[in-house]
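Novice: take this sequence and fold it.
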Amino acid sequence: KERIIDKTIERFNKDGLRFTLDELVEGMHISKKTVYKQFGNKEELLKSVVDYVFDAIREKEEEIIADDSLDLLEKIRRVVLCLPDKYKDIDFIKSYQIKDKYPDVYDHIVHKIDNSWGNADKLFAEAIEKKLIKDVPLVFIRLMIIGCTVQFITSKEVMDTGLSYEEVMESMMSVIMAGI
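Specialist: This next block holds a predicted model:
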């Protein structure tokens, strides 16, 4: 299952969503039937990829939080921008195609983005308490980041800038943490 997910990410980086299951299994020494048996269809496979990546993000967040060599503001930045090393090369900017072609997968991604703020909320609350950042309601911070993130992965305009997902997100965090 993990091999199929990794190969799906590889194909997505290469072709966006424009790959067939035949192309996916090419060179894997498995049949398309194996993919259907594991995932049912391409949409379910994509949802599994989303789940898999978000699970890895949560693990990486825990590592960041436990790293005593990082100050609180750096932990916040890294947690919000968190991508495990294995997934740093995913071209999330190509995700703009998902909204129209696979609306259920898009909704799944947005749900994951909306509901994965426990660690970041705790760090932001601590930073507010220590007066390291402005005292604004956490929901405002969260909604700004969620709104930007969703726009970045669903807008072809962002892809047209030529910036990587990581560069776009770094710019967003810079503006949110330091202002324009």
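
Novice: contacting residues for residue 70?
Specialist: The contact partners of residue 70, taken as C-beta atoms under 8 Å, 6 or more residues apart in numbering, are 64, 78. (Each C-beta comes from the backbone N, C-alpha and C, glycine too.)

Novice: what are the phi and psi values for it?
Specialist: Dihedral angles of residue 70 (phi, psi; degrees, to the nearest 10) stand at phi -100, psi 140.

Novice: which neighbouring elements make contact with the helix or strand harbouring residue 59?
Specialist: Residue 59 belongs to helix 42-66 when elements are defined using DSSP states H and E. In terms of contacts (3 or more C-beta pairs under 8 Å, 6 or more residues apart in numbering; DSSP states H and E), helix 42-66 is packed against helix 2-15, helix 32-39, helix 72-80, helix 103-114, helix 118-129.

Novice: between the ones you listed, which one is closest to residue 154.
Specialist: Residue 154 lies closest, by C-beta to C-beta, to one member of the helices and strands packed on helix 42-66: helix 103-114, at 7.3 Å.

Novice: show me which residues of that closest one are buried.
Specialist: Neighbour-count burial for helix 103-114 flags 105, 106, 108, 109, 110, 112, 113 (criterion: 16 or more other C-beta atoms under 10 Å).

Novice: same question, stretch 131-138
Specialist: Within stretch 131-138, the residues that count as buried by 16+ other C-beta under 10 Å are residue 133.

Novice: which residues are contacting it?
Specialist: When contacts are defined by C-beta under 8 Å, 6+ apart, stretch 131-138 is touched by residues 72, 73, 121, 124, 125, 127, 128, 177.
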